[in-house]
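A.B. asks: Show me the folded form of this:
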Amino acid sequence: MGFARMLPAALAAVALIGCGGGRDRTAETAVVDTAARAADSAARAARTGEQRVANIMIGKRLGAENRIAEPTFQFDPPDTVYISAEIQGAPKEGTLSAKWLGQGNKIVDSTTQPIASGDTTRKEFHLSPAKGWKPGTYMIKLYLNGDSVQAKTFAVRK
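C.D. replies: Numbering: from 1, shown residues only. Presented below is the predicted three-dimensional model:
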């Protein structure tokens, strides 16, 4: 009979804790502060250290700030292929190059963009051959200051 009397009180306590009545606001504030510090730390890391290329994407369309708006690795012969890459790290001058390779590692095109001192924006490269892409597999290799940093493969359908 004692259990039946304690059940309503136990249920009320569980409901109160579940609704936040027993929650410590200091703990919530600490979690929010920790998340903010982690975000600040990640942003600082993106601006410091060795210059590098990050967040490389490939797709059919560009959006705001040279970000890929329609990511894909599958293209049709008339499509324009876009690649977008973010420059991170210590601000210094340099170059970002893209080499477009077709079947048999044949160079289809290559392009270089300058990186100004302090430039941490996204760079984009795009290609749409005048006669369209031949069906098959292609690769884009990115080079930062002459050093290979990333390669992306894409396919063109029949």
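A.B. asks: Find the residue closest to the residue nearest the centre of the chain in space, skipping its chain neighbours.
C.D. replies: Centroid-nearest residue in the chain: Asn55, 3.5 Å away (criterion: CA atoms, centre = their mean). With sequence-adjacent residues excluded and distances taken as CB to CB, 6 or more residues apart in numbering, Asn55 is closest to Glu86, at 4.4 Å. From N, CA and C alone the C-beta is placed, and that goes for glycine too.
A.B. asks: Let me know whether the one you found touches Gln51 as I believe.
C.D. replies: No - using CB atoms under 8 Å, Glu86 is not in contact with Gln51, being 11.4 Å away.
A.B. asks: partners of Thr112 in the sheet?
C.D. replies: In this entry, Thr112 is beta-bridged to Ser97, by DSSP bridges.
A.B. asks: no, scratch that, I was asking about Ile83
C.D. replies: Ile58, Phe125.
A.B. asks: show me the contacts for it.
C.D. replies: Residues near Ile83 by CB atoms under 8 Å, 6 or more residues apart in numbering: 56-58, 68, 98, 124-126, 140, 142, 152.
A.B. asks: mind listing the strands for the protein?
C.D. replies: 52-59, 74-75, 81-88, 94-101, 107-115, 122-127, 136-144, 147-156 (DSSP state E).
A.B. asks: Pick the most buried one from the ones you listed.
C.D. replies: Mean neighbour count (mean count of other CB atoms under 10 Å) peaks for strand 81-88 among the strands of the chain, with a mean of 22.
A.B. asks: coming back round to it: from the contacts of Ile83, which single one is nearest Lys134?
C.D. replies: The closest of those to Lys134 turns out to be Ile140 (CB to CB; 15.9 Å).
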